[in-house]
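A.B. asks: Take a look and give me a structure for this.
(2 chains)
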Amino acid sequence: MTQPSQGSVMGGAPSGAPPATVPGAIAGSSPGDRVYRVITTAFAWAVPLLLALITLEVVLAAWPAFRTFGFDFLTSSEWDEVRGNFGAAPMIYGTVVSSVLALILATPLALGVAIFLSEFAPSWLRQPVAFLVDLLAAIPSVVYGLWGIFVLLPVLREKVMPFLATTLGLGNTPFFSGPAYGPSMLAASVILAIMVLPYISAVSREVLMAVPRSQREAAMALGATKWEMIRDAVVPYARSGIVGGIILGLGRALGETMAVTMLIGNRHEISSSLFAPGYTLASVIANEFAEATTALHTSTLMACGAVLLAVTLVVNVIARWLVWQVSREGR
Amino acid sequence: MSGPATVQPSRVTGVQVAAAQRTARSLGRRRVVNTIMLGVMYVAALVAVLPLIFILWHLAREGASSLSLDFFTKMPKPVGEEGGGMANAIVGTLVLLGIASAIGLPIGIGAGLYLAEQRGTRLANTVRFLSDVLNGLPSIVMGIFAWQFLVRPLGHFSAAAGGIALGAMMIPLVTRTTEEMIRLVPVSLREAALALGYTRWRTSLAIVLRTALPGIVTGALVAVARIAGETAPLLFTAFGNQFWSLSLDEPTSALPLQIFSYAISPYDDWHRLAWAGSMVLIGLVLVISLISRFVTRSRFGGGGD
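C.D. replies: Next comes the predicted model:
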């Protein structure tokens, strides 16, 4: 072991280092270096291993349900706890509809904020606005749920829903029909929109910042107005990264649990009306786990989790790949 | 006379000609569109910030009136009895955060060191990508993982299982912030240490890691703040508990779990406690965010984020 002697030399006068240790340090061949490298490499391996372990454990938990119901699990909308017949179709429907609606509501706003912050916000506004929007991402999901129950639901029930159904006359369409109780697909979508907005806007802003300055200057030099520069030169350059940010937001929305559980109404039915309660893959797990009495029921809930895991894995891989594409080019 | 003549030769490409014609045709209309669209962006920024302001305002109004010393020192009371607090939930959250940090910090910092130092390798690129993917996975999936991993084999809920679920969430967060903070350390510092005869591992730990430490500590704090508010992974791991529990082998209460069960209860007293609990959680998150902003900016002098 040459380690201790090297250590004392380093601690003392550097100029007096014996020449023998210098080549060793350059080649990185000291035993300490090798140990250090092995340890950090092991920690790095922990990340892929953890992901594999998570996948394995979730599939194991879901296995009894998958074996019992097979492919029908995804298409059946039966939910009979007594007979032990379970299907996840209403949850899959609810997850997709609430997330897509949330994206429709959140994307224009998030892009607006991102462009505002990256292109023309006065510098004194940039920091505080960015901070506030980022803070939205830091609020815990339960707190959104609490706020949703006591502030958002009454507003939706008394103002927004009557406005949509009666004032705008949309009550006759299948999408806004039925009584306005409050807990509903619409409420879940609105809260999800608020929750995914910071993710979409953060990624979009990052990608827009990575657009080379020359791109902007070229457009300006051709006499474009600021808006034309943004529309024709900046956004197209960052497009795939922005799409990545939106898909990333989709991933968040799909798996969001607590706030949705508290607002969506929790009912195993597919209804075209956004005023009707629904269910999502995540919220059914949160809501029914405590009351699941049979092993099959529990396993069914875990199977919902497994479906969710598979979908969010795919969504996240696509999104990250898109974002990386752009931020790499920009650097 | 010479003005137009000198401009003319520069207008050579078709794009430029088209742009020039567009300029001449409808400059006024384009200016109007420009103003409208920029105005729309301003409004979007305003609307995006509004929900946050509403949430903070309601929290302050509802939470402040219910927050008292009792909240921090008293146990939950049965329905109908006035008062009571969340002392056991606060302690439970601290226990869970302790376990999660014990798992998440060493692995995260170690992996972050690897990513920053072995930048180009295939493993580094894979790990970076996968930790981003892991970061985007729903938190409830972490709960299922910990349930199958620990709760089911042992046959009972435990603080340890909750801590593992939260620790798994922490790893990718800490990995990425550590990597970023280490990358901010100037290469010249590392080179200087190596030139003085430091071995690589000493350089990494005593010079680079130490220089990046304030940033890494704030990154760790931010990660802790984020998982402190997580409820979904705890629903079937830590499970919740009405009583004191410091044992890692027993179910334990946690602040977000308690907020959840109080929020969906029909009792006004409990609703008030839920608001107070939310205010405590948000206060924690806010303070840590502000600290991290301050530290990262003053330390590395960057104007950016």
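
A.B. asks: Just want the most central residue of the chain.
C.D. replies: Unless you meant another one, I'm taking chain A. residue A:252 (2.2 Å; C-alpha atoms, centre = their mean).

A.B. asks: wrong one, chain B
C.D. replies: residue B:226 (4.6 Å).

A.B. asks: Next up, phi/psi of it, please.
C.D. replies: Phi and psi for residue B:226, reported as degrees, to the nearest 10, are phi -70, psi -40.

A.B. asks: That one and chain A: what is the separation?
C.D. replies: Using C-beta to the nearest C-beta, to the nearest Å, we find residue B:226 at a distance of 7 Å from chain A. For every residue, glycine as well, the C-beta is placed using N, CA and C.

A.B. asks: and residue B:84, which of the three is it?
C.D. replies: Using DSSP: H, G, I helix; E, B strand; the rest coil, the three-state assignment for residue B:84 comes out as coil.

A.B. asks: now it: how far from residue B:68?
C.D. replies: Computed as C-beta to C-beta, to the nearest Å, the residue B:84 to residue B:68 distance reads 11 Å.

A.B. asks: Share the number of residues neighbouring the residue in the stretch 151-300 of chain B that chain A sits nearest to, please.
C.D. replies: Ranked by C-beta to the nearest C-beta, the top residue of the stretch 151-300 of chain B for proximity to chain A is residue B:229, at 2.5 Å. Residue B:229 has 25 neighbours, counted by other C-beta atoms under 10 Å in any protein chain shown.

A.B. asks: Pull the contacting residues for it.
C.D. replies: Applying C-beta atoms under 8 Å, 6 or more residues apart in numbering or on different chains, we find residue B:229 in contact with A:139, A:140, A:141, A:142, A:143, B:256, B:281, B:285.

A.B. asks: so the last one sits right up against residue A:140, yeah?
C.D. replies: Yes: at 7.4 Å, residue B:285 and residue A:140 qualify as touching, with contact defined as C-beta atoms under 8 Å.

A.B. asks: Neighbour count: the two, which is higher?
C.D. replies: Neighbours were tallied for residue B:285 and for residue A:140 using other C-beta under 10 Å; the higher tally belongs to residue A:140 (25 against 21).

A.B. asks: what's the closest non-adjacent residue to residue A:207?
C.D. replies: Closest residue to residue A:207 apart from its sequence neighbours, by C-beta to C-beta, 6 or more residues apart in numbering or on different chains: residue A:241 at 3.2 Å.

A.B. asks: Which strands or helices does the helix or strand the one you found falls within pack on?
C.D. replies: Assigned by DSSP states H and E, residue A:241 falls within helix A:235-255. Packing partners of helix A:235-255 (3 or more C-beta pairs under 8 Å, 6 or more residues apart in numbering or on different chains; DSSP states H and E): helix A:89-115, helix A:185-209, helix A:281-288, helix A:295-330, helix B:139-146.

A.B. asks: now the ones you listed as JSON lines including mean pLDDT?
C.D. replies: Output for those, formatted as JSON lines (pLDDT from 0 to 100):
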{"stretch": "helix A:89-115", "mean pLDDT": "95"}
{"stretch": "helix A:185-209", "mean pLDDT": "95"}
{"stretch": "helix A:281-288", "mean pLDDT": "95"}
{"stretch": "helix A:295-330", "mean pLDDT": "89"}
{"stretch": "helix B:139-146", "mean pLDDT": "96"}
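
A.B. asks: Tell me the helices and strands packed up against the biggest helix by length in chain A.
C.D. replies: Determined from DSSP state H, the single longest helix within chain A is helix A:31-69. Secondary-structure packing of helix A:31-69 (3+ C-beta pairs under 8 Å, 6+ apart): helix A:3-11, helix A:295-330, helix B:87-117, helix B:122-135, helix B:139-146, helix B:159-183, helix B:200-202.

A.B. asks: who touches the fifth one?
C.D. replies: In other words, helix B:139-146. A:53-54, A:57-58, A:61, A:141, A:255, A:257, A:282, A:285-286, A:302, A:305-306, A:308-309, A:312, B:161-162, B:164-166, B:168-169, B:230, B:232-237.

A.B. asks: Could you pull out the buried residues of it?
C.D. replies: For helix B:139-146, the neighbour count (16 or more other C-beta atoms under 10 Å in any protein chain shown) marks B:139, B:140, B:141, B:142, B:143, B:144, B:145, B:146 as buried.

A.B. asks: follow-up on the earlier one: mind checking which of residue B:84 and residue B:68 has more residues around it?
C.D. replies: Using other C-beta under 10 Å as the criterion, residue B:84 and residue B:68 rank with residue B:84 on top: 16 against 13.

A.B. asks: Name the nearest residue to that one, sequence neighbours excluded.
C.D. replies: Per C-beta to C-beta, 6+ apart, closest to residue B:84 is residue B:77, 3.3 Å.

A.B. asks: Which secondary structure state is assigned to that neighbour?
C.D. replies: Following three-state DSSP, residue B:77 is assigned to coil.

A.B. asks: That one contacts residue B:87, doesn't it?
C.D. replies: No: contact criterion C-beta under 8 Å: residue B:77 and residue B:87 do not qualify, at 11.4 Å.

A.B. asks: hang on, the earlier thing: how many residues are close by the residue nearest to residue B:84?
C.D. replies: 15.

A.B. asks: What values do phi and psi take at it?
C.D. replies: Dihedral angles (degrees, to the nearest 10) for residue B:77: phi -110, psi 150.

A.B. asks: quick one: it from chain A, how far?
C.D. replies: Remark: distance between residue B:77 and chain A (C-beta to the nearest C-beta) = 20 Å.

A.B. asks: and what of residue B:64?
C.D. replies: Applying C-beta to the nearest C-beta, the value for residue B:64 to chain A is 15 Å.

A.B. asks: Quick one: residues in contact with stretch A:46-55.
C.D. replies: A:309, A:313, B:107, B:110-111, B:126-127, B:130-131, B:133-134, B:137, B:141-142, B:145, B:149, B:168, B:171-172, B:175.

A.B. asks: now the residues you listed: which count as buried?
C.D. replies: Buried among those by 16+ other C-beta under 10 Å: A:309, A:313, B:107, B:110-111, B:127, B:130-131, B:133-134, B:137, B:141-142, B:145, B:149, B:168, B:171-172, B:175.

A.B. asks: what about chain B, any weak spots by pLDDT?
C.D. replies: Judged by pLDDT under 70, chain B has its weakly predicted residues at B:1-25, B:296-305.

A.B. asks: Residue A:266 and residue A:287 touch, don't they?
C.D. replies: Yes: taking contacts as C-beta under 8 Å, residue A:266 lies within contact range of residue A:287: 5.1 Å.

A.B. asks: For the residue of the stretch 151-300 of chain A found nearest chain B, which residues are in contact?
C.D. replies: The minimum distance from the stretch 151-300 of chain A to chain B, using C-beta to the nearest C-beta, falls at residue A:255 (2.4 Å). By C-beta under 8 Å, 6+ apart, the contact set of residue A:255 is A:282, A:308, A:312, B:137, B:138, B:139, B:140, B:141.

A.B. asks: Tell me the one of these nearest residue A:233?
C.D. replies: Lowest distance from residue A:233 to the contacts of residue A:255 (C-beta to C-beta) belongs to residue A:312, with 33.8 Å.

A.B. asks: that older thread, so the residue nearest to residue A:207 versus residue A:252, what's the distance?
C.D. replies: 17 Å.

A.B. asks: try residue A:163
C.D. replies: Counting by C-beta to C-beta, the gap from residue A:163 to residue A:252 is 28 Å.

A.B. asks: Which residue comes closest to the residue of the stretch 151-300 of chain A closest to chain B once chain neighbours are left out?
C.D. replies: Counting by C-beta to C-beta, 6+ apart, residue A:255 lies nearest to residue B:138, which is 2.4 Å off, once chain neighbours are set aside.

A.B. asks: and that neighbour, how many neighbours does it have?
C.D. replies: As a burial measure, residue B:138 scores 25 neighbours (other C-beta under 10 Å).
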